[in-house]
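Participant: The sequence isn't on hand, but the structure is:
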């Protein structure tokens, strides 16, 4: 899973926790293009192996 800093996306908030992405923060981008806070997607992947938006 790619791990980016300062990614420019069309997303304002993490789809899992709904909190905004902060400038300069790290985010994960999945192959489908959806972007998440690292801690949110790590927790999600403990229970599921698919994108929480695409599923």
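Facilitator: Received, thanks. In this text, all values refer to a predicted model and were calculated from it rather than measured experimentally.
Participant: contacts, neighbours, all on C-alpha from now
Facilitator: OK.
Participant: contacting residues around stretch 35-48?
Facilitator: Residues from elsewhere that reach stretch 35-48 (C-alpha atoms under 8 Å, 6 or more residues apart in numbering): 9, 11, 14, 15, 16, 17, 21, 26, 27, 28, 29, 52.
Participant: residues touching the third one, list them.
Facilitator: Contact analysis of residue 14 by C-alpha under 8 Å, 6+ apart lists 20, 21, 35, 36, 37.
Participant: so where is this structure shaky, pLDDT-wise?
Facilitator: Within the chain, the stretches with pLDDT under 70 are 1-10.
Participant: So what pairs up with the residue nearest to the spatial centre of the chain in the strands?
Facilitator: By C-alpha atoms, centre = their mean, the chain has its centre lying nearest to residue 36, at 1.1 Å. Listed by DSSP bridges, the beta-bridge partners for residue 36 are residue 28.
Participant: sorry, back to before: any of the contacts of residue 14 buried? List them.
Facilitator: Among the contacts of residue 14, those that count as buried by neighbour count (16 or more other C-alpha atoms under 10 Å) are 21, 35, 36, 37.
Participant: measure the first one to residue 48 for me?
Facilitator: Here the criterion is C-alpha to C-alpha, to the nearest Å. By it, residue 21 lies 23 Å from residue 48.
Participant: ok so, going back, would CSV of the buried ones among the contacts of residue 14 with distance to residue 43 be doable?
Facilitator: Formatted as CSV, the buried ones among the contacts of residue 14 follow (distance: C-alpha to C-alpha, whole Å):
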residue, distance to residue 43
21, 17
35, 14
36, 11
37, 10
